[in-house]
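Chemist: Sharing a model prediction with you, sequence too.
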Amino acid sequence: KQEVTQIPAALSVPEGENLVLNCSFTDSAIYNLQWFRQDPGKGLTSLLLIQSSQREQTSGRLNASLDKSSGRSTLYIAASQPGDSATYLCAALLWSGAGSYQLTFGKGTKLSVIP
Amino acid sequence: EAGVAQSPRYKIIEKRQSVAFWCNPISGHATLYWYQQILGQGPKLLIQFQNNGVVDDSQLPKDRFSAERLKGVDSTLKIQPAKLEDSAVYLCASSPGARDSPLHFGNGTRLTVT
């Protein structure tokens, strides 16, 4: 069974600090890895998508890396702001064995940025 | 562009009752997904449609859950009869169809079964 694990489950940092969120997955035959943000009572917003052939993707203050061999991805947030407070989920697109690729999510890391 | 629309936003029912959720994906998106997100968990795929055909329903509890996507656009997800453990947020997502495209999620329907 494919699993995606995110550590830590919660993180609190002061405003302006750089931080790293971690994601690990059990299946190295990953098609791509996606990072999402979820605000309370809302759906998920796609932040970054990394193809299996890529090592990293950047968008503004966000940088996501992918290491297939070790089964790990990190999301780096530079100069954190209170508006970054949300739950961050990573999801790996893996072959499901049921005839399709399926996106498997971690449980998320709840980030609080303290002003 | 308009986002993924879902209704209702909240629903409270008693166990053994029936409930239906509706989703309107982004215009032109061929692929539609229904996910179940239990509190404190990541979303779990229930069913994936490509146009109006089912691609993957391996995790759909077919004895009580059903879904359809008529004309390859809107979709409904039904639960009949509901159980307490069905309390969750039901998220609809859509994508243009390619595996390389990110998913766009609606705000979800929060279901409480009492």
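Modeler: Thanks, I have the structure now. Source: prediction; values computed, not measured. Numbers count the residues shown, from 1 in each chain, chains lettered A, B, ... in the order given.
Chemist: To what extent is the residue in chain B that chain A sits nearest to buried, counted in neighbours?
Modeler: In chain B, the residue that lies nearest chain A is B:Gly42 (3.0 Å; C-beta to the nearest C-beta). (C-beta placed from N, C-alpha, C; glycine too.) Neighbours of B:Gly42 under the rule other C-beta atoms under 10 Å in any protein chain shown: 22.
Chemist: Could you do B:Gln48 as well?
Modeler: B:Gln48: 27 neighbours (other C-beta under 10 Å).
Chemist: surely it meets B:Val55?
Modeler: Yes: between B:Gln48 and B:Val55 there is a contact under C-beta atoms under 8 Å: 4.4 Å.
Chemist: which residues are in contact with both of these two?
Modeler: A:100, B:31 (C-beta atoms under 8 Å, 6 or more residues apart in numbering or on different chains).
Chemist: Quick check: the residue of chain B closest to chain A vs A:Gly106, distance?
Modeler: B:Gly42 sits 5 Å away from A:Gly106, going by C-beta to C-beta, to the nearest Å.
Chemist: which residues do the two both contact?
Modeler: What both B:Gly42 and A:Gly106 touch, as defined by C-beta under 8 Å, 6+ apart, is the set A:4, A:89, A:91.
Chemist: Keep those, but drop any that are not near chain B.
Modeler: Counting by C-beta under 8 Å from any C-beta of the partner chain, A:4, A:89, A:91 from the shared contacts of B:Gly42 and A:Gly106 sit close to chain B.
Chemist: From these, which land in strands?
Modeler: Judged by DSSP state E, these include A:4, A:89, A:91 as members of strands.
Chemist: For chain B, which residues score under the pLDDT cut-off?
Modeler: Low-confidence regions of chain B, defined by pLDDT under 70, span residues B:1.
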